[in-house]
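Enquirer: Fold the following, please.
(2 chains)
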Amino acid sequence: MTSTDAHDTAARPEPGVSPRRRRAQRVPAALLGPALLGLLFLVLPLAGLVVRAPWSSLPQRLTEPGALTALRLSLQTATAATVVCLLLGVPLAWLLARARFPGRRLVRALVTVPLVLPPVVGGVALLLVFGRRGLLGEWLDSTFGFTLPFTTTGVVVAEAFVAMPFLVIAVEGALRGADARYEEAAATLGAGRWTTFTHVTLPLVAPGVAAGAVLCWARALGEFGATITFAGNYPGITQTMPLAVYQTIEGGDLDGAVVLSLVLLTVSVAILAGLRDKWITSA
Amino acid sequence: MSPVVDAHLVVDRGAFRLDVPLCVAPGEVVALLGPNGAGKTTALRALAGLQPLTAGHLVLAGRDVDRPGQRHWTPPEHRPIGVVFQDYLLFPHLNALDNVAFGLRRHGADRRSARRRAAEWLDRVGLGVQARSRPRQLSGGQAQRVALARALAVDPVLLLLDEPLAALDARTRLDTRAELHGHLDAHPGAALLVTHDPLDALVLADRLVIVEDGRVVQEGDAATITARPRTDYVARLVGLNLYRGVADGHAVRVDDRLTLAVADPLHGDAFVAFPPSAVALHPRRPDGSPRNTWPAVIAGLQRHGDNLRVQLDGPVAVAADVTPAAASHLDLAPGRPVWAAVKAAETRAYPA
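Expert: Predicted coordinates:
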């Protein structure tokens, strides 16, 4: 009697060796050239900002109350928008990745609409729905006395609208890549659907969720068009950093705009770099 | 004692239909054995609730679990089962201890007692020191033992094992098979093992159910299956030559040109089986012996243990084992004509 040995060669991969940690390979010149060009293309405008910055008057400009107020508002609203996107976007991504329902392809296309829509148009669309005379806005106003446009909450709504597709797409991709059989294993161990989702599915796709949240936060932080259309430009209430930069340029103060941009850049790059080390690479 | 599993598993999947009746007694280990694509894994998934039954029924420990006829199904999480998957599916984000504790937590244990019992299970499979290891830090054999501990920890009425040793290298498989045998013996509930490896089935199972093309072709204990195969697949598994024919007393007609004399008299449709070692080869027709002889042509030669296994064409295809000495004496080579001989006493005939 012979036993089949076919599976012996198909043994598990070496434990503990992840492909990512393999020794760096030599980079082909055909890739290196365009890669460096691409990097230059992305970095050069930043260099322009740094070069043009009015370094002598910088300390005084930074302490102007308007700049710090806009910065704080930007960080608060972008973070709130990211939380909203996580609460709504992760379940939506799960639905798109795991559930089977008619018109799923159409829904997936609809989710990406805010990506291709000019943000100003998005802001107008939000006004048509949530404005004082809007489809839902009128009802919200008459029932709860609650209005969204031209409020800080409105800023969060505008940012979440524009940023959510980034999160949904990243999380859906992670869910599709995750092995659904782990969920079957959890079910055979007595875990219901919700426990399986929170205890197995979410941890498995955590790197994808983190990456999506970072993209989402970055997009919300830089949001301009939908915010100014839907929420207006009121210092301290709806004036985020991009709006403050815009207003400063409009007022003819290019140096001031450069300073504000640099502040926004420095803070966001610092936060993203910190998160990246903590979340993305450790996954 | 009433059976733990009383099932008639019917699953329609396009062109493929699984139709397998199955009963497993408490403490019994049944192996579902069959070639790839026979439907073994589908049957296991149906028992686990991961593949809905199309028809039939499933009763586990006296409880109706699935009755498609009455539109009644039970989701996997409400079945008293444990599953060891082929590639184990240990949760990569949990260490070995928490993997084992996962099922205990879902069955209502609080965190502390779940961890304590999980640690006991890891000790029992000899992995107490690896409790804090993540799955990717475990070897294949260790991962298999964690998967077994995880499945057994919830005291399943029915333990399901899908090719539990297939992903292991040959050396680990030997040790793990012996250990698995011990754990299956100690398991008070029933166990069903799906495998394509006859050795796993023979060592681990009390009873074999052989499935081909979604149907049961033979079932019984190891001795019956190895002595009396009923399909070519089973005959190949247990290493016998098998022919089907019509018996009339001591003669079984297996081909227009060949009638075999057999020791066991019977009538009607019959199987004749004999081992390759019972076939002798001669350069010329042997005379004066009460043997079955027929002319054959050598189709192929290969090493088989210490001997040579010779594949013969002729009225019937047959495998013969000869010693290297006999082989050189006969000057065996493909295409060479020889005479095959089998003593009636070395054949086994049984009703088809």
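Enquirer: contacts, neighbours, all on C-alpha from now
Expert: Fine.
Enquirer: Please report the distance of residue B:336 from residue B:287.
Expert: Distance check for residue B:336 against residue B:287: by CA to CA, to the nearest Å, it reads 20 Å.
Enquirer: Sorry, wrong one. I was asking about residue B:352.
Expert: Relative to residue B:287, residue B:352 is positioned 32 Å away (CA to CA).
Enquirer: So the two - more neighbours on which side?
Expert: Higher neighbour count among residue B:352 and residue B:287: residue B:352, with 13 against 8, using other CA atoms under 10 Å in any protein chain shown.
Enquirer: Now do the same contact list for the more buried one.
Expert: Applying CA atoms under 8 Å, 6 or more residues apart in numbering or on different chains, one finds that residue B:352 lies in contact with B:230, B:244, B:269-271.
Enquirer: same thing with residue A:31?
Expert: Residue A:31 neighbours (CA under 8 Å, 6+ apart): none.
Enquirer: Now do the same for it: helix, strand or coil?
Expert: helix (DSSP: H, G, I helix; E, B strand; the rest coil).
Enquirer: So residue B:301 lies in a helix, does it not?
Expert: No: counting by three-state DSSP, one finds residue B:301 to be strand, located in no helix.
Enquirer: residue contacts, it?
Expert: B:308-311, B:333-334 are the contacts of residue B:301 under CA under 8 Å, 6+ apart.
Enquirer: what's the burial count for residue B:256?
Expert: Using other CA under 10 Å as the criterion, the residues surrounding residue B:256 number 7.
Enquirer: State the distance from it to chain A.
Expert: 31 Å (CA to the nearest CA, to the nearest Å).
Enquirer: so where is the chain shaky, pLDDT-wise?
Expert: Let's take chain A. For chain A, residues meeting the criterion pLDDT under 70 lie at A:1-24, A:276-283.
Enquirer: please go with chain B instead
Expert: Applying pLDDT under 70 to chain B flags the ranges B:1, B:288-290.
Enquirer: How is it partitioned into domains?
Expert: Structural domains of chain B, as assigned by automatic domain parsing, span the residue ranges B:5-235, B:242-351.
Enquirer: Go through the ones you listed and pick out the most buried.
Expert: domain B:5-235 (a mean of 20; mean count of other CA atoms under 10 Å in any protein chain shown).
Enquirer: Show me which residues of the stretch 201-350 of chain B sit near chain A.
Expert: B:237-239 (CA under 8 Å from any CA of the partner chain).
Enquirer: Turn the contacts of residue B:301 into a markdown table, columns for secondary structure and distance to residue A:271.
Expert: Output for those, formatted as a markdown table (DSSP: H, G, I helix; E, B strand; the rest coil; distance: CA to CA, whole Å):
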| residue | secondary structure | distance to residue A:271 |
| --- | --- | --- |
| B:308 | strand | 72 |
| B:309 | strand | 71 |
| B:310 | strand | 73 |
| B:311 | strand | 73 |
| B:333 | coil | 77 |
| B:334 | coil | 75 |
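Enquirer: which among the residues you listed gets closest to chain A?
Expert: residue B:309 (12.5 Å; CA to the nearest CA).
Enquirer: how close does the closest one get to residue B:164?
Expert: 31 Å.
Enquirer: Number of residues surrounding residue B:241?
Expert: Counted with other CA under 10 Å, the neighbours of residue B:241 add up to 22.
Enquirer: Now the closest residue to chain B within chain A: phi and psi?
Expert: Chain A approaches chain B most closely through residue A:190 (3.9 Å), counting by CA to the nearest CA. Residue A:190 adopts backbone torsions of phi 100, psi 10, taken as degrees, to the nearest 10.
Enquirer: Nearest spatial neighbour of it, chain-adjacent residues omitted?
Expert: For residue A:190, ignoring the flanking residues on the chain, the nearest one in space by CA to CA, 6 or more residues apart in numbering or on different chains is residue B:77 at 3.9 Å.
Enquirer: list the contacts for that neighbour?
Expert: Counting by CA under 8 Å, 6+ apart, residue B:77 touches A:187-192.
Enquirer: among the residues you listed, which are in helices?
Expert: When DSSP state H is applied, those are split such that A:187-188 fall in helices.
Enquirer: hmm, back to that, what's the neighbour count on the residue of chain A closest to chain B?
Expert: Using other CA under 10 Å, residue A:190 has 26 other residues around it.
Enquirer: Is it in contact with residue B:109, as I believe?
Expert: No: if you go by CA atoms under 8 Å, residue A:190 and residue B:109 don't touch, sitting 12.0 Å apart.
Enquirer: Looking at chain A, which helix is longest?
Expert: Max-length helix for chain A by DSSP H is helix A:65-98.
Enquirer: For stretch B:268-275, what is the distance to the chain centroid?
Expert: Its chain's C-alpha centre and that of stretch B:268-275 lie 22 Å apart, by CA atoms, centre = their mean, to the nearest Å.
Enquirer: Can you name the residues in contact with it?
Expert: Among residues not part of stretch B:268-275, those counted as contacts by CA under 8 Å, 6+ apart are B:228-230, B:239-248, B:252, B:262, B:320, B:346-352.
Enquirer: hang on, the earlier thing: the residues of the stretch 201-350 of chain B next to chain A in strands, which ones?
Expert: Within these, no residue falls in strands by DSSP state E.
Enquirer: ok, so of these, who is nearest residue A:37?
Expert: Relative to residue A:37, the closest of these is residue B:237; by CA to CA it sits at 63.1 Å.
Enquirer: Quick check: that closest one vs residue B:196, distance?
Expert: Looking at residue B:237 against residue B:196, where the rule is CA to CA, the gap reads 10 Å.
Enquirer: Quick check: neighbours shared by those two?
Expert: Applying CA under 8 Å, 6+ apart, one finds that no residue jointly contacts residue B:237 and residue B:196.
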